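Chemist: Quick one, fold the following:
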Amino acid sequence: MTISLEISLYPFADKYPEEVNHFLENIYRQKNLKIETNSMSTIIVGEYHKIMSLMNTEMFRFFENNKAVFILKISNGCVI
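Modeler: Residues are numbered from 1 along each chain as shown. Predicted coordinates:
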């Protein structure tokens, strides 16, 4: 099943742009996903299990070393 996921990251850090960019670097390394980043969020389109596994791994990794808020919207009907 193909889904779209919109994610916004708000790290509690003075150098938050660097933290966001580092998080996005790991997302952009993934193959077989359509990824678009704008000034407010990143939209990821691809297979449900791949995206959810990626989010589980990368969000956990981020939370291990940082305090932050993630906002996610997930849809199987609004696939770009």
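Chemist: When you work out contacts or count neighbours from here on, use the C-alpha atoms and nothing else.
Modeler: Fine.
Chemist: got the contact list for the helix or strand harbouring residue 25?
Modeler: Using DSSP states H and E, residue 25 falls within helix 16-28. Under the contact criterion CA atoms under 8 Å, 6 or more residues apart in numbering, helix 16-28 has outside partners 9-11, 13, 35, 54, 58, 62.
Chemist: in the chain, which spans are helices?
Modeler: Secondary structure of the chain (DSSP state H): helices at 16-28, 48-65.
Chemist: Of the contacts of helix 16-28, which is the nearest to residue 70?
Modeler: Comparing those against residue 70 with CA to CA places residue 9 closest, at 4.7 Å.
Chemist: Drop anything exposed from the contacts of helix 16-28.
Modeler: Neighbour-count burial within those applies to 9, 11, 35, 58, 62; the criterion is 16 or more other CA atoms under 10 Å.
Chemist: May I ask which two of these are separated the most?
Modeler: Farthest apart among the buried ones among the contacts of helix 16-28 by CA to CA are 11 and 35. That separation is 20.6 Å.
Chemist: what number of residues lie near the nearest residue to residue 47 once chain neighbours are set aside?
Modeler: In this structure, residue 47 finds its nearest non-sequential neighbour in residue 2, 4.6 Å apart by CA to CA, 6 or more residues apart in numbering. When neighbours are counted by other CA atoms under 10 Å, residue 2 registers 15.
Chemist: Equivalent analysis for the one 3 residues further on, please.
Modeler: Around residue 5 there are 21 other residues, counting by other CA under 10 Å.
Chemist: Residue 66 contacts residue 12, correct?
Modeler: Yes - Residue 66 lies in contact with residue 12 (CA atoms under 8 Å); the separation is 7.5 Å.
Chemist: Point out where the protein drops to low pLDDT.
Modeler: Applying pLDDT under 70 to the chain picks out residues 80.
Chemist: rewinding a little: out of the helices of the chain, which comes closest to residue 76?
Modeler: Shortest distance between residue 76 and the helices of the chain, using CA to CA, is found for helix 48-65: 8.7 Å.
Chemist: Direction included, what does the lengthiest strand in the chain pair up with?
Modeler: Across the chain, the strand with the greatest residue count (assigned by DSSP state E) is strand 2-11. Sheet pairing here is set by DSSP bridges, and for strand 2-11 it gives strand 42-47 (antiparallel), strand 68-75 (antiparallel).
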